[in-house]
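Chemist: Pasting the sequence and the predicted coordinates here, then a few questions.
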Amino acid sequence: MNLPLYDTEDAYIIVGGHTCLLLLLCQCVWTHFYALSDIGNLNILPALTVANAMLMRVSSTGARLAKSPTCRLLCGRCGPTVRRSLAAPGASSVVKTVAAGPHIPSFGNISRGMADSAQATKAAAVEADVGTDVFTTNPLLADVVFPLYDQVTAEHVVPGMRALLAQLHKEIDGLEASVEPTWHGLVEPLEKLTDRHQRTWGIVSHLKGVKDSDALRKAVEEVQPENVALGLRLSQSKPLYQAFKALKDGPVWETLNEAQQRVVDIELRDFVLGGVALEGEQKERYNAIQQELAQLSTKFSNNVLDATKAYKKVITDPAEVDGLPPTALGLAAQQARSEGHEGATAEKGPWLLTLDFPSYYPVMTHCKNRALREEMYRAYITRASAGDLDNTPIIEKILQLRQEKAELLGFKSFAELSMASKMATFDKAEDLLEELRSSSYSAAQTDLDDVKQFAGSRGFTEDPLWWDVAFWAERLREDKYDLKDEELRPYFALPEVLGGLFKVAKRLFDVDIVPADGEVPVWHPDVRFFKVMQGAAPRAYFYLDPYSRPAEKRGGAWMAEVVGRSRLFIAAPGAAPGSPRLPVAHMVCNQSPPVDGQPSLMTFREVETLFHEFGHALQHMLTTVNEGLVAGIRGVEWDAVELPSQFMENWCYDRPTLYSFAKHYQTGEPLPEDMFKRLKEAKTFRSGTMMLRQASGGVVTLCVMWERTGAMTSSHCTALPSAIKLGNLLGLGLGLGLG
């Protein structure tokens, strides 16, 4: 489960006279649709849209920007009225709710059909083609807890996955033929089967995110249809579905513990949402949609990454980078040296600027060169919206296919389909979002007025535009709290921050985090490896990939599992006797790398992000559940998944915690007390604007989904009289949406 959690900016645009509220993907909104393109789950609102949205105010400049293909496409669909959708994840009694729908099957005696037989025949042919030696020679297929990341290359993906998929199809044949509605006869063999698939494909997916290459892309594109086909076969297996039904309805149900019953309920729900009731042409169409969505998702992500990498600006005149802090200049010089500009220095340049966030964000918040801010803002916000990398048709196709998919499953919209696997109801989410919107609106208006007044007091007489707001908001924060990120950075060196983070884990959970670099293979020299120890025995393990690498690594920050805790598998060497397989996690960030021999000096936001991702990792690693299908982060609804991460963020403002690591990297002096006080005071700076951003993100995301039904007068997507005011407010008040 990938969790794209922060700092990927979205844009909501009020366009021209007809005030069309646009959801733009790939900046032209890619965070929201990152969820839409995640074919592996049905999420369109991860953690109630942890997205960074903003609205662009109408102006002649905005009108020109709105003429992009993406803007024209979405504007043509929105019509003349700004509308809103207030909805959220579905009912807690998911199985009962979906069971009332039109596509819930009631099977009698079921035998595998011709399609499954054809699939098995094809799998056998593939297995014969790839041979059996691949299981001993291909590092992708090594049966180990810690993947051989240093050995797996693109050339291993196609033969390895084809061999594995062929073997798994044969195992499904056997399971379907002999399945029994018992825990040992159904759930355990299914977990063993799916675990092997998830572990292996997880390696490929992870490397695609952190070590992308043309060869790896081609390999993924070649084998992805076969990979999707296996998932479809499992989710539509009528023998397995019938066995789960019998398990729940029979006498064995009462003997299952809470975790085991949770597994059964989730499996029954996912069979229904996976199309198990579909037959004939409907089933064929559903499967074709899933295949196409997988391809579109991959293409979409590739375009965003390629568009980000394509922008490079070399600057030689110091006046053009006036205002950039020393760390940003040092990073830009280091990037210039890596591109062949030998002798580049932070003081004299040349400097290479990119759209990678550690390079882009300092320009938008600190650079006095307004023309440069505008250029980079436009480049950033219009990534993948033209030429060979244009995601416009992909956006339209994803929306179309998702609506069709939802209708095949008996839902009015993809939003409703997504809600079926969430906790909240539409009505409760609507109430919450409206409460947040109405409560934060006046505060956001004040935020906006403050920025405009401050900019005016400093001689800026124009209305701030999108590339101005973040710059002037940062100047206001510095003036109001006497607080600058550059003054804080020396106190937040990554090694010290990690030490403080691990002390919190010890204090709260009585675990010791022990460095274990060199004990397992890694995919990049910067990657760290740690053991989570409880007493003398390991409890879990995790990798940390902290730094930005724009040439090969996608943006954002996320946590994902390598393997989960499970009693069905043998633990790694060193674990206590009789221990289940212990969890292993990835933590991936994109923070500022070390520059010129210094450690990575973090912004306070990067510190919060590290704590945030560690919260996700802790939920995965500290689980005591031994049923692998619901251990750790597995089986957690997306509207609950942010709880542990937000919990851990709060410790950044806890004085004992902060002072355990906030030490100057050169002198060892602690963070001055007055600076800590100002840091806490600044915590709520422009919080009304930020809350309004979050609420509007949820509203618009769901509205776009609901709009595909043609029922724009639905109670879930009704006209909002204040939407135009809201758009203008956010257009000026949000800027980058990161204040």
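Modeler: Thanks, I have the structure now.

Chemist: is it true that Glu171 touches Leu193?
Modeler: Yes. Using CB atoms under 8 Å, Glu171 is in contact with Leu193, at 5.4 Å. Every residue, glycine included, has its C-beta placed from N, CA and C.

Chemist: The two: who's more crowded?
Modeler: Each of Glu171 and Leu193 has its neighbours counted (other CB atoms under 10 Å); Leu193 has more, 18 against 15.

Chemist: How about the secondary structure of the more buried one?
Modeler: helix (DSSP: H, G, I helix; E, B strand; the rest coil).

Chemist: which stretches of the protein have low pLDDT?
Modeler: 1-132, 709-739 (pLDDT under 70).

Chemist: Show me the strands in it, by range?
Modeler: 12-15, 20-23, 55-56, 312-315, 351-354, 512-515, 528-534, 537-547, 558-563, 566-570, 580-581, 584-591 (DSSP state E).

Chemist: Pick the most deeply packed of those strands.
Modeler: Mean neighbours per residue, mean count of other CB atoms under 10 Å, is largest over those for strand 55-56, with a mean of 28.

Chemist: Same list, the strands of the chain, but as a markdown table with distance to Val252 please.
Modeler: Below are those laid out as a markdown table (distance: least, CB to CB, whole Å):
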| stretch | distance to Val252 |
| --- | --- |
| strand 12-15 | 51 |
| strand 20-23 | 47 |
| strand 55-56 | 54 |
| strand 312-315 | 62 |
| strand 351-354 | 58 |
| strand 512-515 | 41 |
| strand 528-534 | 34 |
| strand 537-547 | 31 |
| strand 558-563 | 28 |
| strand 566-570 | 18 |
| strand 580-581 | 22 |
| strand 584-591 | 32 |
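
Chemist: Other residues contacting stretch 471-483?
Modeler: 364-367, 373, 450-451, 454-455, 458, 460, 464, 484, 675, 678-679, 681-682, 685-686, 735, 739 (CB atoms under 8 Å, 6 or more residues apart in numbering).

Chemist: repeat that for 6 Å
Modeler: With contacts defined as CB atoms under 6 Å, 6 or more residues apart in numbering, stretch 471-483 is touched by Thr365, Val451, Phe454, Ala455, Pro464, Lys484, Arg678, Glu681, Ala682, Phe685, Gly735, Gly739.

Chemist: repeat for stretch 335-348
Modeler: Leu329, Gly330, Ala333, Pro350, Trp351, Leu352.

Chemist: ok, so of the contacts of stretch 471-483, who is nearest Thr382?
Modeler: Gly735 (16.7 Å; CB to CB).

Chemist: rewinding a little: can you list the contacts of stretch 471-483 in a markdown table and add distance to Lys238 and neighbour count?
Modeler: Formatted as a markdown table, these follow (distance: CB to CB, whole Å; neighbours: other CB atoms under 10 Å):
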| residue | distance to Lys238 | neighbour count |
| --- | --- | --- |
| Thr365 | 56 | 25 |
| Val451 | 60 | 27 |
| Phe454 | 65 | 18 |
| Ala455 | 64 | 21 |
| Pro464 | 60 | 23 |
| Lys484 | 63 | 14 |
| Arg678 | 63 | 15 |
| Glu681 | 61 | 12 |
| Ala682 | 58 | 16 |
| Phe685 | 56 | 17 |
| Gly735 | 53 | 28 |
| Gly739 | 53 | 21 |
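
Chemist: Looking at those residues, which are in helices?
Modeler: Here DSSP state H is the test, and the contacts of stretch 471-483 give Thr365, Val451, Phe454, Ala455, Arg678, Glu681 as lying in helices.

Chemist: any idea how far the nearest residue to Thr182 once chain neighbours are set aside is from Phe244?
Modeler: In space, and not counting its chain neighbours, Thr182 is closest to Val252: 5.8 Å by CB to CB, 6 or more residues apart in numbering. Distance of Val252 to Phe244, given as CB to CB, to the nearest Å: 11 Å.

Chemist: give me the beta-bridge partners of the residue lying closest to Pro538 once chain neighbours are set aside?
Modeler: Counting by CB to CB, 6+ apart, Lys531 is the residue found nearest to Pro538 once chain neighbours are left out, at 5.1 Å. Per DSSP bridges, the residues bridged to Lys531 are Val514, Tyr541.

Chemist: these two touch, right, Lys531 and Ala516?
Modeler: Yes. The criterion here is CB atoms under 6 Å, and Lys531 meets it with Ala516 at 4.8 Å.

Chemist: Name the residues of stretch 661-672 that are buried.
Modeler: Residues Phe661, Ala662, Lys663, Tyr665, Pro670, Leu671 are the ones in stretch 661-672 that count as buried (16 or more other CB atoms under 10 Å).

Chemist: Now for the second one: which residues touch it?
Modeler: I take that to be Ala662. With contact set as CB under 6 Å, 6+ apart, Ala662 has these partners: Tyr491, Leu671.

Chemist: List the backbone torsions phi and psi for it.
Modeler: Ala662 adopts backbone torsions of phi -80, psi 80, taken as degrees, to the nearest 10.

Chemist: any idea how far Glu669 is from it?
Modeler: With CB to CB as the criterion, Ala662 and Glu669 are 10 Å apart.

Chemist: For Val497, which non-adjacent residue is closest in space?
Modeler: Phe661 is the one closest to Val497 (CB to CB, 6+ apart), at 5.0 Å.

Chemist: In contact with that neighbour, which residues?
Modeler: Contacts for Phe661 (CB under 6 Å, 6+ apart) come out as Glu496, Val497, Gly499, Gly500.

Chemist: what number of residues lie near the first one?
Modeler: Translated: Glu496. Glu496 has 19 nearby residues by other CB under 10 Å.

Chemist: likewise the last one?
Modeler: Using other CB under 10 Å, Gly500 has 21 neighbouring residues.

Chemist: So it versus Tyr491, what's the distance?
Modeler: 11 Å.

Chemist: any chance of the contacts of stretch 471-483 in CSV, with distance to Asn257 too?
Modeler: As requested, the contacts of stretch 471-483 are arranged in CSV below (distance: CB to CB, whole Å):
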residue, distance to Asn257
Thr365, 52
Val451, 55
Phe454, 59
Ala455, 61
Pro464, 58
Lys484, 54
Arg678, 51
Glu681, 48
Ala682, 47
Phe685, 48
Gly735, 51
Gly739, 47
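
Chemist: Next up, the contacts around the nearest residue to Gln151 once chain neighbours are set aside.
Modeler: Leaving aside its sequence neighbours, Gln151 sits nearest to Pro139 (CB to CB, 6+ apart; 3.9 Å). Each residue near Pro139 by CB under 6 Å, 6+ apart is listed here: Leu148, Gln151, Val152.

Chemist: Tell me how many other residues crowd the second one.
Modeler: Spelled out, that is Gln151. With other CB under 10 Å as criterion, Gln151 counts 12.

Chemist: Could I get the phi/psi values of it?
Modeler: Dihedral angles for Gln151 - degrees, to the nearest 10 - are phi -110, psi -30.

Chemist: on that earlier part again, I'd like the distance from the residue nearest to Thr182 to Glu180, if you could.
Modeler: In terms of CB to CB, Val252 sits 10 Å off from Glu180.

Chemist: can you check Glu375 too?
Modeler: 65 Å.

Chemist: now Val630
Modeler: 21 Å.

Chemist: Same check on Val504?
Modeler: 47 Å.

Chemist: Arg554 against Val210, yeah?
Modeler: No. Contact between Arg554 and Val210 fails when scored by CB under 6 Å: they sit 7.8 Å apart.

Chemist: Mind checking which of Val504 and Glu180 has more residues around it?
Modeler: Ranked by neighbour count (other CB under 10 Å), Val504 and Glu180 place Val504 first, with 21 against 14.

Chemist: And the helices in the stretch 501-650 of the chain?
Modeler: Residue ranges of the helices in the stretch 501-650 of the chain, as given by DSSP state H, counting those that start in this stretch, are 604-621, 643-649.
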